[in-house]
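The amino acid sequence is not available; the structure is as follows:
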C-alpha cells in the first residue's frame, strides 16, 4: 500500500523527491501519512479535494482486495 501511495503522489507533484509516506499500524488499521512539499499540497488535494478522494478510493480498493483497512492522511 505504501508504495502505491508513493507512486501516485510522485506522478502528481513537481518535487517528487520530497514525497514521503510513513506507515503506522493502529489496532487493525493501517494509517498511511503522505507528506509533500508545501508548494505541491494543492496538486495532491485538488479542487474540492477530488484528487485526495480519488487517491483514497484507489487505496481502499487495493486494501479491500487484501482484507485490510487502510486510511490515507495528507500532511
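Yep, it's here. Only a predicted model underlies this, so the values are computations on that prediction, with no experimental measurement involved. Numbering: from 1, shown residues only.

what comes up buried for stretch 59-72?
In terms of neighbour count (16 or more other Cβ atoms under 10 Å), stretch 59-72 has its buried residues at 59, 63, 70, 72. The way it works is simple: take the backbone N, C-alpha and C, and place the C-beta from them, glycine included.

just stretch 5-18 next, same as before
5-6, 8-9, 12-13.

closest to residue 29 among the residues you listed?
Nearest to residue 29 among these: residue 5, at 15.1 Å, using Cβ to Cβ.

who touches the helix or strand containing residue 59?
Taking DSSP states H and E as the criterion, residue 59 maps to helix 50-65. Under the contact criterion Cβ atoms under 8 Å, 6 or more residues apart in numbering, helix 50-65 has outside partners 1, 4-5, 8-9, 12, 30, 32, 34, 43-46, 69-70, 72, 74.

what bridges to the closest residue to residue 1 other than its chain neighbours?
Excluding the flanking residues, the one nearest residue 1 by Cβ to Cβ, 6 or more residues apart in numbering is residue 70, at 5.4 Å. Judged by DSSP bridges, the bridge partners of residue 70 are residue 30.

Do I have it right that residue 70 meets residue 28?
No: the pair residue 70 / residue 28 is not scored as a contact, 10.8 Å apart, by Cβ atoms under 8 Å.

Would you mind measuring from the residue lying farthest from the centre of the chain to residue 69?
Ranked by distance from the centre of the chain (Cα atoms, centre = their mean), the top residue is residue 27, with 19.6 Å. Here the distance between residue 27 and residue 69 works out to 9 Å (Cβ to Cβ, to the nearest Å).

Mind listing the shared neighbours of these two?
Contacts common to residue 27 and residue 69, judged by Cβ under 8 Å, 6+ apart, are absent.
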